[in-house]
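In: structure for this input, please:
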Amino acid sequence: MEDRFGQPRRDMVERQLRQRGIRDQAVLAAMGKVPRELFIEAGLRDSAYADGPLPIGCRQTISQPYIVAYMTELLELQGGESVLEIGTGSGYQSAVLAETAGRVYSVEVIPELSAAAGDLLSTRLGYRNIFFRVGRGQEGWPEFAPFHRILLTAAPAAFPAGLFAQLGEGGIVVAPVGDGEQRLIRYRKQGGVIRSDELIGVVFVPLV
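Out: A predicted model of the protein is given here:
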């Protein structure tokens with residue numbers, strides 16, 4: 001695998017990430033390590049490092065590499081954090097988070113996707129710091145709250161306010177939000193107050 005995909009992966013890091021302003025070295029290292037080709041269908045693997053999203057089945061997609069790196073960088077991870085991920089999908093973002101944080105608690109509403117991601121990440125790739133739950137993302141994973149960070153990989157029309165209760169003080173949330181037109185928003189909890197910054201326009205599957 002490395003002989004075939006190693007150079008495309010390195011090219012992706014240099015051309016799609018560094019040249020577009022991704023600077024977090026831990027994020028760049030994770031993107032250069034995680035084998036994106038394993039998270040998509042075999043017939044699409046030649047496009048694994050293309051500059052765009054790809055279908056993964058169940059009417060879902062794996063996000064563009066730049067968006068994965070950008071959203072991860074926005075979390076300002078230092079290593080060791082507990083991260084709630086809403087929308088496991090293929091598990092690619094989960095793997096990048098596992099490389100840059102401490103523990104990842106990933107919630108997916110589609111059982112087939114959760115099972116496939118769990119098999120790939122835990123059994124085949126050997127991650128021991130990713131935990132999986134099948135359920136509605138709006139409910140989060142209260143048993144393991146509070147979280148240092150929360151990341152949504154599907155877009156609610158309005159951010160589920162109940163998730164803020166699962167965010168620890170000083171925590172950060174990154175989420176696409178909007179019905180139709182979507183924007184990426186970063187929220188911070190400071191002194192118990194949620195403050196937000198609206199960032200770039202994005203296109204994600206809706207949060208259901």
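In: and stretch 186-197, how far apart are its ends?
Out: From its first residue to its last, stretch 186-197 covers 5 Å (C-alpha to C-alpha, to the nearest Å).
In: who touches that stretch?
Out: 74, 159, 164, 167-175, 185, 199 (C-beta atoms under 8 Å, 6 or more residues apart in numbering). Any C-beta I mention is one placed from the backbone N, CA and C, and that applies to glycine too.
In: ok, stretch 124-136 next?
Out: 35, 38, 88, 91, 94-95, 97-98, 102-111, 114, 117-118, 121-122, 141, 144, 208.
In: of those, just the buried ones, ChimeraX syntax please.
Out: In ChimeraX, selecting the buried portion of the contacts of stretch 124-136, with burial taken from 16 or more other C-beta atoms under 10 Å, looks like this:
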select :35,38,88,91,94,95,97,98,103,104,105,106,107,108,109,110,114,117,118,121,122,141
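In: give me the subset of the contacts of stretch 124-136 lying in helices.
Out: Judged by DSSP state H, the contacts of stretch 124-136 include 94-95, 97-98, 111, 114, 117-118 as members of helices.
In: for those residues, which one is nearest E14?
Out: Minimum separation from E14 among the ones in helices among the contacts of stretch 124-136 (C-beta to C-beta) is found for A95, which lies at 20.1 Å.
In: the closest one and L54, how far apart?
Out: According to C-beta to C-beta, to the nearest Å, A95 and L54 sit 16 Å apart.
In: pull out the buried residues from stretch 159-175.
Out: Of all the residues in stretch 159-175, those buried under the rule 16+ other C-beta under 10 Å are 159-160, 163-164, 166-167, 171-175.
In: wait, what's in contact with the nearest residue to G137 once chain neighbours are set aside?
Out: Closest residue to G137 apart from its sequence neighbours, by C-beta to C-beta, 6 or more residues apart in numbering: I86 at 3.7 Å. The contact partners of I86, by C-beta under 8 Å, 6+ apart, come to 107, 137, 140, 150-154, 163, 175, 207.
In: redo the contacts of stretch 186-197 as TSV? Include secondary structure.
Out: Formatted as TSV, the contacts of stretch 186-197 follow (DSSP: H, G, I helix; E, B strand; the rest coil):
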residue	secondary structure
L74	helix
F159	coil
F164	helix
L167	strand
G168	strand
E169	strand
G170	strand
G171	strand
I172	strand
V173	strand
V174	strand
A175	strand
I185	strand
L199	strand
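In: okay if I get the residues you listed as JSON lines plus pLDDT and distance to P65?
Out: Formatted as JSON lines, the contacts of stretch 186-197 follow (pLDDT from 0 to 100; distance: C-beta to C-beta, whole Å):
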{"residue": "L74", "pLDDT": "98", "distance to P65": "15"}
{"residue": "F159", "pLDDT": "96", "distance to P65": "25"}
{"residue": "F164", "pLDDT": "97", "distance to P65": "29"}
{"residue": "L167", "pLDDT": "98", "distance to P65": "27"}
{"residue": "G168", "pLDDT": "98", "distance to P65": "29"}
{"residue": "E169", "pLDDT": "97", "distance to P65": "32"}
{"residue": "G170", "pLDDT": "97", "distance to P65": "29"}
{"residue": "G171", "pLDDT": "98", "distance to P65": "26"}
{"residue": "I172", "pLDDT": "98", "distance to P65": "21"}
{"residue": "V173", "pLDDT": "98", "distance to P65": "22"}
{"residue": "V174", "pLDDT": "98", "distance to P65": "16"}
{"residue": "A175", "pLDDT": "98", "distance to P65": "19"}
{"residue": "I185", "pLDDT": "98", "distance to P65": "21"}
{"residue": "L199", "pLDDT": "97", "distance to P65": "18"}
